[in-house]
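Engineer: could you look at this predicted model? Sequence included:
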Amino acid sequence: MSGPDAVHRLEDPLAFARAGGSRSGRLAMAALPRLQDRLAGTDGMVSYTLRGSLDQRQRPLLELEIAGVPQMRCDRCLARLDFPLKLASRVLLAEPGAGLPEDADDPETPEWIEAGQELDLQELVEDEILLGLPYSVRHGDGKCGDWACERGSGGKISPFSALASLLGPEQASKD
């Protein structure tokens, strides 16, 4: 395979891991389709480094590091939020047709995938980002937009505080 997609493909991942190979790359956020509904914008890049090795039991292993700053949407105020992303994961490679590793239930055992003739690094990176993102992304307390942090009586966020700002000062004073 040649062309831009070849950069993010790994031919013979088992041999790559056994040889202790290393590969780095960058992916545009716009090139990660399954991540799009979680993003507030498609600007930016994510970088990755993939290293092959053998685990303690001499099984092929991939170590993946991912870094970037995706633009997420705060689940509290819905404003953009630059979310620093730094992930590290380990993936065991199983021979095709070999099935589950015997210690797959052990919590210390890394996740595993069945190795094919080639590995799509873009899909692997996207999978790891999706697994590594928190369920709810939010600004820190008190860091959302002013309207979301306004406090009503009792210290709770007033759901009507944003509506009050839409009324003119003469309308707000009539209430």
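Structural biologist: Received it, and whenever you're ready, just let me know what you need. Residues are numbered from 1 along each chain as shown.
Engineer: and the longest helix for this protein?
Structural biologist: As far as residue count goes, and with DSSP state H defining each element, the longest helix of the chain is helix 121-132.
Engineer: list the contacts for the residue nearest the centre of the chain?
Structural biologist: Central residue check for the chain by Cα atoms, centre = their mean: the C-alpha nearest the mean position is that of Ile129, 2.3 Å away. Contacts were defined as Cβ atoms under 8 Å, 6 or more residues apart in numbering; by that measure Ile129 touches Leu32, Leu35, Val46, Ile66, Pro70, Leu85, Leu87. (Glycine included, C-beta is placed from N, CA and C.)
Engineer: need the buried ones from these selected in PyMOL.
Structural biologist: Paste this into PyMOL to select the buried members of the contacts of Ile129, with burial taken from 16 or more other Cβ atoms under 10 Å:
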select buried, resi 32+35+46+66+70+87
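Engineer: now the strands for the protein?
Structural biologist: If you assign secondary structure with DSSP state E, the strands in the chain sit at 9-11, 22-28, 45-54, 60-68, 71-73, 80-82, 85-94, 111-114, 118-120.
Engineer: pairing partners for the third one, with directions?
Structural biologist: Its sheet considered, strand 45-54 pairs with strand 22-28 (antiparallel), strand 60-68 (antiparallel) by DSSP bridges.
Engineer: what confidence value was assigned to the nearest residue to Thr42 once chain neighbours are set aside?
Structural biologist: With sequence-adjacent residues excluded and distances taken as Cβ to Cβ, 6 or more residues apart in numbering, Thr42 is closest to Ala30, at 3.9 Å. The confidence metric pLDDT takes the value 94 at Ala30.
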